[in-house]
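S.K.: What would the 3D arrangement of this be:
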Amino acid sequence: MTLNDKACVLVTGATSGIGYEFCKLFAADGYNIIMVARSEERLQHVANDIRNNYDVEVYPLAKDLFKRGAAKEIYDEVKENNMTVAALVNDAGQGEYGFFTETELERELKIIDLNIVSLVSLTKYFLKDMMERNEGKILNVASLVADYPSPLLAVYAATKAFVLSFTEALRNELEDTNITITALQPGVTDTDFFYKAGENETTHYQEMELSDPAKVAADGYRALMKGKDKVVSGAKNKMQSLMSNIMPETKLAASMRKQNAPADEIKRRESGHEASRKEREMIQTASKTYQGRDLASDVDDREPPSEGPKII
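M.R.: Here you go, the predicted model:
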């Protein structure tokens with residue numbers, strides 16, 4: 001299958017959450033979509049939804065971006081099918097909840113591969129093509145926690161700080177071209193992220209107002225199309241981002257430590273976002289599709305967070 005001559009956009013993390021909402025926004029504006037995610041079955045289902053609701057073509061591409069060679073495989077397949085990527089959305093990302101001394105090193109290295117290595121690789125491959133045409137747009141999904149340290153999500157927050165810095169640096173390098181690159185900084189959003197990270201029983205997730213992934217994607221989409229350098233989604237999140245420039249790092253870390261502590265009461269047991277909830281259901285029945293902390297299981301065998309590392 002190949003796409004026609006319409007401009008196309010490549011979206012990673014396309015089957016749920018913010019990535020799924022980006023696909024809908026681009027499709028509504030007539031872009032063909034190259035949808036990237038790990039599950040072939042889930043991709044086909046979501047691709048059919050987009051095809052049935054919008055007059056566009058969809059190319060589902062099942063690749064595991066936890067693997068370092070996946071970005072090159074994606075680029076090669078796009079080129080082999082003579083598709084031109086007018087816009088790239090690097091949305092795929094995961095985190096891991098817990099004290100750094102207690103989490104699994106292999107899992108966190110995989111998160112670095114997903115959140116940083118694959119994002120940098122895809123950006124490198126497709127940006128070079130955009131440079132040849134002197135046109136194109138890239139959106140990298142960072143996070144509000146890119147602005148401050150986040151105990152119990154230390155590696156994830158650090159990867160998002162990298163994404164924000166990387167995007168801002170490239171923006172400067174591209175200032176004399178017709179190519180724009182934009183960073184999106186969502187706050188706590190109603191997606192499957194917290195379940196994959198094992199963070200779904202924290203104060204952060206259980207007690208805070210969750211952003212609608214559709215509204216977050218819309219903020220990012222508008223910023224991308226206007227060629228802005230970055231956008232923080234949501235008024236409260238904008239205020240938090242501003243405060244991060246004033247408060248000392250120690251206080252920021254202490255505040256995040258409280259937010260990431262276990263909640264007193266469990267109120268939310270699943271995402272309210274339909275596509276994210278469906279992905280969670282799929283994960284629970286597809287043990288061979290996913291690896292790591294989002295490994296499908298009828299029983300969540302993760303250890304609850306401890307009171308903290310012990311010095312012996």
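
S.K.: can you give me the helices in the stretch 51-200 of the chain?
M.R.: Ranges of helices in the stretch 51-200 of the chain, per DSSP state H, counting those that start in this stretch, are 70-80, 105-112, 119-133, 154-173, 193-197.

S.K.: what's the offset of the first one from the middle of its chain?
M.R.: Okay, so that is helix 70-80. 20 Å (C-alpha atoms, centre = their mean, to the nearest Å).

S.K.: in that helix, what counts as buried?
M.R.: Within helix 70-80, the residues that count as buried by 16 or more other C-beta atoms under 10 Å are 70-71, 74-75, 78. Bear in mind the C-beta positions are built from the backbone N, C-alpha and C, glycine included.

S.K.: what's the answer for the fourth one, then?
M.R.: Within helix 154-173, the residues that count as buried by 16+ other C-beta under 10 Å are 154-164, 166-167, 170-171.

S.K.: For residue 128, see how far away the closest residue to residue 133 other than its chain neighbours is.
M.R.: Nearest residue to residue 133, sequence neighbours excluded (C-beta to C-beta, 6 or more residues apart in numbering): residue 84, at 7.9 Å. Distance, residue 84 to residue 128, using C-beta to C-beta, to the nearest Å: 13 Å.

S.K.: one step back: output the buried residues of helix 70-80 as CSV; include the columns distance to residue 19 and pLDDT.
M.R.: Compiled in CSV, the buried residues of helix 70-80 are given as follows (distance: C-beta to C-beta, whole Å; pLDDT from 0 to 100):
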residue, distance to residue 19, pLDDT
70, 16, 98
71, 16, 98
74, 14, 98
75, 18, 98
78, 17, 97
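
S.K.: from those, which is closest to residue 96?
M.R.: Here the nearest of the buried residues of helix 70-80 to residue 96, counting by C-beta to C-beta, is residue 70; it sits at 19.5 Å.

S.K.: just checking, residue 126 touches residue 10?
M.R.: Yes. Under the criterion of C-beta atoms under 8 Å, residue 126 makes contact with residue 10 at 7.2 Å.

S.K.: Which pLDDT value does the model give the residue lying closest to residue 7 once chain neighbours are set aside?
M.R.: Among residues not flanking residue 7 along the chain, residue 86 sits closest, at 4.0 Å (C-beta to C-beta, 6+ apart). For residue 86, the pLDDT comes out at 97.

S.K.: now residue 27, nearest residue through space, not along the chain?
M.R.: With sequence-adjacent residues excluded and distances taken as C-beta to C-beta, 6+ apart, residue 27 is closest to residue 54, at 3.8 Å.

S.K.: show me what contacts residue 77?
M.R.: residue 61 (C-beta atoms under 8 Å, 6 or more residues apart in numbering).

S.K.: what about the strands in the stretch 151-300 of the chain?
M.R.: 179-185, 230-232 (DSSP state E, counting those that start in this stretch).
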